[in-house]
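Student: need coordinates for the below:
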Amino acid sequence: MGDLNLRNITLMALIISCFMQIGAQLFALSVVVSTITEAPPRSFAILEGDYRYDSGPFWGTVPPITGLLFIVALTANWKTPRRTPLIASFALFLIAGLVAGLLLEPEFATITANGYSDKIDPALQSRAASWVAYDWAVWAFSLASGIALLLALARSISSKPE
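Tutor: Numbering: from 1, shown residues only. Coordinates of the predicted model:
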């Protein structure tokens with residue numbers, strides 16, 4: 001990794017932001033999503049009331065910051081051997097974001113549209129299970145993006161540009 005310089009600092013900031021997102025996704029999947037999809041629509045109680053779970057502020061803030069940090073780190077490291085893993089990581093980040101935004105979020109809205117009811121709907125439970133599988137796939141893409149960033153940081157910046 002070498003000394004602290006602009007290239008390393010921008011990449012480390014990106015890694016921190018990216019892994020914050022990966023950790024939040026893991027929490028959401030292992031705790032929140034598993035609760036929501038346990039017995040829908042009865043389990044939608046977590047999404048109701050004055051103290052309902054709402055991660056919107058986090059997801060509205062952190063991914064755009066991570067995207068901006070990708071641009072900054074790519075710019076700072078463009079003429080180094082880190083460019084390739086950074087581009088690969090950014091592509092994985094964008095794919096995960098697009099799948100989440102275009103597939104997962106609309107499906108979640110559809111699944112939870114009718115809100116809480118004191119019953120369990122097996123068809124809705126099955127639909128939610130499929131949604132969870134896609135959500136885990138998106139998390140895997142995000143994790144792969146983070147691993148690519150760590151590989152980029154491990155590369156020396158002193159060798160000749162690619």
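Student: from here on, contacts and neighbour counts on C-alpha atoms
Tutor: Fine.
Student: for residue 51, phi and psi?
Tutor: phi -120, psi 30 (degrees, to the nearest 10).
Student: for it, give me its contacts.
Tutor: Listed by CA atoms under 8 Å, 6 or more residues apart in numbering, residue 51 has no contact partners.
Student: so who does residue 111 touch?
Tutor: 124, 127-128.
Student: what packs against the top helix by length along the chain?
Tutor: In the chain, ranked by residue count with DSSP state H as the criterion, the top helix is helix 122-154. Using 3 or more CA pairs under 8 Å, 6 or more residues apart in numbering; DSSP states H and E as the contact test, the elements touching helix 122-154 are helix 6-27, helix 83-99, helix 105-111.
Student: next one: residue 128 from residue 41, what distance?
Tutor: Distance, residue 128 to residue 41, using CA to CA, to the nearest Å: 10 Å.
Student: then residue 125?
Tutor: 8 Å.
Student: kindly report the same for residue 57.
Tutor: 24 Å.
Student: what about this structure, any weak spots by pLDDT?
Tutor: 1-3, 159-162 (pLDDT under 70).
Student: which one of the contacts of residue 111 has the most neighbours?
Tutor: The most neighbours of any of the contacts of residue 111, using other CA atoms under 10 Å, belong to residue 128, which has 23 neighbours.
Student: which one is it nearest to, not counting chain neighbours?
Tutor: residue 37 (5.8 Å; CA to CA, 6 or more residues apart in numbering).
Student: surely that neighbour and residue 43 touch.
Tutor: Yes. Using CA atoms under 8 Å, residue 37 is in contact with residue 43, at 6.6 Å.
Student: does residue 54 touch residue 46 like I think?
Tutor: No. Contact between residue 54 and residue 46 fails when scored by CA under 8 Å: they sit 9.2 Å apart.
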